[in-house]
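A.B. asks: give me the fold of what follows.
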Amino acid sequence: MEFTQKRPKLISIVCILGFIWIVFSFPSVFSPSIKNLGDWYPALFGLIVACNFIAYIGVWHMKKWGVGLYIITFFIKEIILILINDMSYVGLFFSALFIGIMLFFYKRMDINL
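C.D. replies: Numbering: from 1, shown residues only. The predicted structure follows:
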């Protein structure tokens, strides 16, 4: 019999909020305001949104790689936002809060795919 780790409610809340954010941010990949930032930005923004979606799926299934992917995507996103001078302190706060919650439960997550 295989033992499965039960997902904490806080991780479920973080993932649901993340999925909601992705649902609202993905259509903005195709918006004219994103296109005005540069020819490369819509593709890069779409890749970041896709990687965040994949990371949330990994965290939802209590996988350590999901946390790692989320952290990598977070830093890439923040570096790009600093370069284009579009820093959002609210987004930074919530992303840092999500990372803190994910890291709190990191030891309970599975290393396998």
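A.B. asks: sec struct for Ser12, please.
C.D. replies: helix (DSSP: H, G, I helix; E, B strand; the rest coil).
A.B. asks: now the strand or helix carrying Trp65, how far from the centre of its chain.
C.D. replies: According to DSSP states H and E, Trp65 maps onto helix 64-83. Centroid separation for helix 64-83 versus its chain: 7 Å, with C-alpha atoms, centre = their mean, to the nearest Å.
A.B. asks: chain center to the lowest-mean-pLDDT helix or strand in the chain, what's the gap?
C.D. replies: Least confident element among the helices and strands of the chain, by mean pLDDT, DSSP states H and E: helix 32-35 (a mean of 81). For helix 32-35, the separation from the chain centroid amounts to 21 Å (computed by C-alpha atoms, centre = their mean).
A.B. asks: please apply the same query to stretch 86-99.
C.D. replies: With C-alpha atoms, centre = their mean, you get 11 Å for stretch 86-99.
A.B. asks: still on that earlier bit, for the helix holding Trp65, buried residues please.
C.D. replies: Lys64, Trp65, Gly66, Val67, Leu69, Tyr70, Ile71, Thr73, Phe74, Lys77, Glu78, Ile80 (16 or more other C-beta atoms under 10 Å). Any C-beta I mention is one placed from the backbone N, CA and C, and that applies to glycine too.
A.B. asks: now the fourth one, nearest residue through space, not along the chain?
C.D. replies: Closest residue in space to Val67, ignoring its immediate chain neighbours: Met102 at 4.6 Å, by C-beta to C-beta, 6 or more residues apart in numbering.
A.B. asks: can you pull the pLDDT of that neighbour?
C.D. replies: Listed pLDDT for Met102 reads 93.
A.B. asks: how many residues are close by it?
C.D. replies: By other C-beta atoms under 10 Å, 24 other residues sit near Met102.
A.B. asks: identify the residues contacting the strand or helix carrying it?
C.D. replies: Assigned by DSSP H and E, Met102 falls within helix 89-104. Under the criterion C-beta atoms under 8 Å, 6 or more residues apart in numbering, residues 10-11, 14, 17-18, 59, 66-67, 70-71, 74, 77-78 lie in contact with helix 89-104.
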